[in-house]
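Student: Sequence isn't available, so here's the structure alone:
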């Protein structure tokens, strides 16, 4: 109880202090909300799990049954005071709409020009033992025999697949050295967003799955249909998924 | 070094006192000797420090219950303790390869367990980098426990005793994978074996026979480069010249790194309690300690990744070999093998 009172009075003091400052400097104060939402597309179509055929850059047909990836260490960029989310680990799963949208709930008021995030889970959390929340191994994004997170997972089928069952299994992991599949992406907003204590900003980030098979490395499913350990293949496709995201909306 | 020892002892001591302080929350029997973790004199700092997983009596005993619980396997038949037997230094006596559920066989020998807080990585190929991440591997492996983590959590949630224990260890009844792994890490990390005849000899508290003394000298010259004291491993990965089994063709460390230069390399096993952990080698192909030592003299198979120190085998006389074997027997820590705190609860 005492602690709570103390925290409350500290917070009040903080507010009073910052209010005074506000009058003096006319800088915005308080925190606002930025709602991030991830959309997964295949070219210009919305990704439809299981039921739709798509065509990759090489000309191979494919269907998608699963698409999951980690987004971590999100930062809102600003000329003066960038914002860094703490404990910033999000597992985006196409099959679960609620996982694709989340709030940055305590962004200090100010103007932000874009965002930076990592596709995957930083190396430190790959060596730090038992984790929970988005990083809980029960999410099926963790390798037990060769410790580390599966940063990006796509599964599906293709008649061109080199596998007997015509499956596509892409599990990309590896957090250290030359084989790291961690990719950091910086995207600018078309117009900077103004975060205030009232009104919520929305940022839509669209991932185009075709990019995974396109550039710089064109993927031919006859040759590459199953990647399930760190190595050159995973790294090459990580170079591709580094290019898959764009900001398609940023504003109130 | 002393500072670290003191800090850890203090931390554990305080943790234990606080547990004792709140009697109504603790469920460990009063009769039990309290668990503690300290760094033996002369040992390096451990890799696993309990910094983010404070060792407590309730956390430790919860870890022990989990370690010996067959419900962690799909058909309830295999616990960690099924293949890690205390009397065998937590190895699987006389089993080259252990049997998992449905008597399925893997490809590698069950290693003994002790001093895991000092191990920088786990398994014969070093694929796992943290003590807390270690248990997922055997739990999910289809030829070992073939279990899923969500199913374990469901099963434990139906057991009131577990709920009580999770509350005592972690503050509330929530059972999740992180708490399961932290409890197991408390149990496994606290397993310290540092009271063998060798340890007492080094401290000047026990006498070696002449043969044991010779054995220690020869061992240091000919084996200590890899099996470095005090843990009796330098935790490197080396090809020790075993002819690969053509049916299994286990490439060892290369399985993790995918580097050709790591083919057929395996972790140098720590030798504590080695006399009771037979059979030997990563696939358990050698049945006696004498034969294991002899192999380094006369049974080295040359291949491109063979450890250079083993080229042509290790030169030793018959007397040297016998002395090494008798020295290796001094690494048996009887107190550890019979420590009730590590035993299956009755």
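Tutor: Arrived safely. In this text the structure is predicted, and so the values were computed from the model without any measurement.
Student: C-alpha only now, for contacts and for neighbours.
Tutor: Will do.
Student: Nearest residue to the middle of chain A?
Tutor: residue A:71 (2.5 Å; C-alpha atoms, centre = their mean).
Student: if I've got this straight, that residue is in a strand?
Tutor: Yes: according to DSSP: H, G, I helix; E, B strand; the rest coil, residue A:71 belongs to a strand.
Student: On the strand side of things, show who it bridges to.
Tutor: residue A:90, residue A:119 (DSSP bridges).
Student: close enough to count as contact, it and residue A:118?
Tutor: Yes: here residue A:71 reaches residue A:118: they are 5.7 Å apart, a contact under C-alpha atoms under 8 Å.
Student: where does the chain dip in pLDDT?
Tutor: Going with chain A. Along chain A, the model assigns pLDDT under 70 to residues A:1-27.
Student: try chain B instead
Tutor: In chain B, residues with pLDDT under 70: B:1-31.
Student: mind listing the helices for chain B?
Tutor: Shown for chain B, the helices assigned by DSSP state H span residues B:2-21, B:57-67, B:80-83, B:136-140, B:149-157, B:160-170, B:177-189, B:197-202, B:210-222, B:254-257, B:289-298, B:318-329, B:334-337.
Student: Any chance of those helices in a markdown table with distance to chain A and mean neighbour count as columns?
Tutor: As requested, these are arranged in a markdown table below (distance: least, C-alpha to the nearest C-alpha, whole Å; neighbours: other C-alpha atoms under 10 Å in any protein chain shown):
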| stretch | distance to chain A | mean neighbour count |
| --- | --- | --- |
| helix B:2-21 | 19 | 16 |
| helix B:57-67 | 14 | 25 |
| helix B:80-83 | 16 | 20 |
| helix B:136-140 | 5 | 21 |
| helix B:149-157 | 6 | 16 |
| helix B:160-170 | 14 | 19 |
| helix B:177-189 | 5 | 25 |
| helix B:197-202 | 31 | 18 |
| helix B:210-222 | 32 | 18 |
| helix B:254-257 | 6 | 19 |
| helix B:289-298 | 28 | 18 |
| helix B:318-329 | 31 | 20 |
| helix B:334-337 | 26 | 17 |
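Student: picking that back up, which residues does the residue nearest to the centre of chain A contact?
Tutor: Applying C-alpha atoms under 8 Å, 6 or more residues apart in numbering or on different chains, one finds that residue A:71 lies in contact with A:89-92, A:117-121.
Student: where's it relative to chain B, distance?
Tutor: Per C-alpha to the nearest C-alpha, to the nearest Å, residue A:71 is found 21 Å from chain B.
Student: Need the helices of chain B in JSON lines (columns: distance to residue A:59).
Tutor: Converted to JSON lines, those look like this (distance: least, C-alpha to C-alpha, whole Å):
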{"stretch": "helix B:2-21", "distance to residue A:59": "61"}
{"stretch": "helix B:57-67", "distance to residue A:59": "52"}
{"stretch": "helix B:80-83", "distance to residue A:59": "49"}
{"stretch": "helix B:136-140", "distance to residue A:59": "37"}
{"stretch": "helix B:149-157", "distance to residue A:59": "39"}
{"stretch": "helix B:160-170", "distance to residue A:59": "54"}
{"stretch": "helix B:177-189", "distance to residue A:59": "43"}
{"stretch": "helix B:197-202", "distance to residue A:59": "67"}
{"stretch": "helix B:210-222", "distance to residue A:59": "61"}
{"stretch": "helix B:254-257", "distance to residue A:59": "33"}
{"stretch": "helix B:289-298", "distance to residue A:59": "56"}
{"stretch": "helix B:318-329", "distance to residue A:59": "64"}
{"stretch": "helix B:334-337", "distance to residue A:59": "63"}
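Student: separation between the residue nearest to the centre of chain A and residue A:187?
Tutor: Taking C-alpha to C-alpha, to the nearest Å as the measure, residue A:71 falls 14 Å from residue A:187.
Student: now swap in residue B:223 and tell me
Tutor: For residue B:223, the distance to residue A:187 (C-alpha to C-alpha) stands at 56 Å.
Student: Residue A:226 reaches residue A:166, doesn't it?
Tutor: No: using C-alpha under 8 Å, residue A:226 and residue A:166 do not qualify as a contacting pair, with a distance of 10.1 Å.
Student: who's more crowded, residue B:223 and residue A:187?
Tutor: With neighbours defined as other C-alpha atoms under 10 Å in any protein chain shown, residue B:223 and residue A:187 compare such that residue B:223 has more, 19 against 16.
Student: Quick check: the gap between the more buried one and residue B:289.
Tutor: Counting by C-alpha to C-alpha - residue B:223 and residue B:289 are separated by 14 Å.
Student: Residue B:227: how many residues sit nearby?
Tutor: As a burial measure, the neighbour count of residue B:227 was computed by other C-alpha under 10 Å and equals 20.
Student: close enough to count as contact, it and residue B:270?
Tutor: Yes: counting by C-alpha under 8 Å, residue B:227 touches residue B:270, with 6.6 Å between them.
Student: Between those two, which contacts overlap?
Tutor: When C-alpha under 8 Å, 6+ apart defines a contact, the residues bordering residue B:227 and residue B:270 alike are residue B:233.
Student: which ones are touching the residue of the stretch 151-252 of chain A found nearest chain B?
Tutor: Of all residues in the stretch 151-252 of chain A, residue A:231 sits closest to chain B, at 7.3 Å by C-alpha to the nearest C-alpha. Listed by C-alpha under 8 Å, 6+ apart, the contact set of residue A:231 reads A:174, A:179, B:258.
Student: How about residue A:204?
Tutor: Counted by C-alpha under 8 Å, 6+ apart, residue A:204 has contacts A:36-39, A:247-250.
Student: Could you work out the most separated pair of these?
Tutor: Of all pairs drawn from the contacts of residue A:204, the one with the largest separation by C-alpha to C-alpha is A:39 and A:250; the distance is 13.5 Å.
Student: Phi first, then psi, for residue A:106.
Tutor: phi -130, psi 60 (degrees, to the nearest 10).
Student: Look up how far chain B lies from it.
Tutor: Residue A:106 is 27 Å from chain B, where distance means C-alpha to the nearest C-alpha.
Student: can you map out the strands along the stretch 1-150 of chain A?
Tutor: Taking DSSP state E, counting those that start in this stretch as the criterion, the stretch 1-150 of chain A carries its strands at A:31-42, A:45-46, A:54-55, A:61-77, A:83-84, A:89-93, A:101-108, A:110-119, A:142-143, A:148-157.
Student: Pull the contacting residues for residue 118.
Tutor: Picking chain A for this. Contacts here follow C-alpha under 8 Å, 6+ apart; on that basis residue A:118 touches A:71-74, A:182-185.
Student: Chain B, not that one
Tutor: Under the criterion of C-alpha under 8 Å, 6+ apart, the neighbours of residue B:118 are B:45-48.
Student: and the residues you listed, which are buried?
Tutor: B:46, B:48 (16 or more other C-alpha atoms under 10 Å in any protein chain shown).
Student: Now distance to residue B:106 too, for the contacts of residue B:118, in CSV please.
Tutor: Converted to CSV, the contacts of residue B:118 look like this (distance: C-alpha to C-alpha, whole Å):
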residue, distance to residue B:106
B:45, 33
B:46, 30
B:47, 28
B:48, 28
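Student: all helices for the stretch 151-252 of chain A, in order.
Tutor: A:232-241 (DSSP state H, counting those that start in this stretch).
Student: What distance do you get for the nearest residue to residue B:195 once chain neighbours are set aside to chain A?
Tutor: In space, and not counting its chain neighbours, residue B:195 is closest to residue B:333: 5.5 Å by C-alpha to C-alpha, 6 or more residues apart in numbering or on different chains. Residue B:333 sits 29 Å away from chain A when distances are taken as C-alpha to the nearest C-alpha.
Student: do the same with residue B:267
Tutor: Using C-alpha to the nearest C-alpha, which is the criterion applied here, residue B:267 is 14 Å from chain A.
Student: how about that residue, what does it touch?
Tutor: With contact set as C-alpha under 8 Å, 6+ apart, residue B:267 has these partners: B:123-126, B:235-238, B:253.
Student: Right, I'll leave it there.
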